[in-house]
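Undergrad: Got a sequence here, can you build the structure:
(2 chains)
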Amino acid sequence: DGGITQSPKYLFRKEGQNVTLSCEQNLNHDAMYWYRQDPGQGLRLIYYSQIVNDFQKGDIAEGYSVSREKKESFPLTVTSAQKNPTAFYLCASSMAFSYNEQFFGPGTRLTVL
Amino acid sequence: GIQVEQSPPDLILQEGANSTLRCNFSDSVNNLQWFHQNPWGQLINLFYIPSGTKQNGRLSATTVATERYSLLYISSSQTTDSGVYFCAVLGNTGGFKTIFGAGTRLFVKA
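TA: Numbering: from 1, shown residues only, chains lettered A, B, ... in the order given. Sure thing, here's the model as predicted:
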């Protein structure tokens, strides 16, 4: 059953802690993306990766870091430098960056206490 | 960078009614997608439509790239159509980043 999985579904963290959100896809897609959604807003691009071992900053990369060591995995770390990390985080993938139809995972809701 | 505007921001319909959602973008685009976000936050792909017209059941979409807009038509609306509809574009410039509109919030009354 092909798709994109994100874990955990809900995540709580204390201020000052780093936390890593998981994103895995078995669609054999080259490109992967991370977005942030705040209540009542659209999605904003955090980071994207066109291919393994390569990634670029999106519009709101400050306070976040990523890695792309495997084609199927694109974890996102929310660092303590991110000033307002409470949000809904969505991961997506597409066959190739040039053919950009994106498919989304179910998301992770992060709450900073 | 490219700007994406969706209208209307909110829409309330009686079940069975038809509606048109609009997406305007400020520059030429490589790709355009329409999504439906359900109440649980899942984004569901509706159309991948950089140009032309497509139909899928009660939904159809048209993108006129030269005039920089796309339309999503919902016919015979059902309560399950409720949610937020997003338009997303991949621009030709500015690092080829995907930009989402703010969405149209649709509520269909029974």
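Undergrad: Please list the residues of chain A that sit near chain B.
TA: Contacts of chain A with chain B, taken as CB under 8 Å from any CB of the partner chain, map to A:33, A:35, A:37, A:41-45, A:48, A:56, A:58-59, A:88, A:90, A:92, A:97-98, A:100-104, A:106-107, A:109. For the C-beta atoms, the positions are set from N, CA and C on the backbone; glycine is no exception.
Undergrad: Tell me which of those fall in strands.
TA: A:33, A:35, A:37, A:43-45, A:48, A:56, A:88, A:90, A:92, A:103-104, A:109 (DSSP state E).
Undergrad: out of those, which are buried?
TA: Buried by 16 or more other CB atoms under 10 Å in any protein chain shown: A:33, A:35, A:37, A:43-45, A:48, A:88, A:90, A:92, A:103-104, out of those.
Undergrad: any chance of those residues in TSV, plus pLDDT?
TA: Below are these laid out as TSV (pLDDT from 0 to 100):
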residue	pLDDT
A:Tyr33	95
A:Tyr35	97
A:Gln37	97
A:Leu43	95
A:Arg44	94
A:Leu45	93
A:Tyr48	93
A:Phe88	97
A:Leu90	97
A:Ala92	96
A:Phe103	94
A:Phe104	96
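Undergrad: Nearest to B:Cys23 among those?
TA: A:Leu43 (14.1 Å; CB to CB).
Undergrad: Beta-bridge partners for the closest one, please?
TA: When assigned by DSSP bridges, A:Leu43 has beta-bridge partners A:Gln37.
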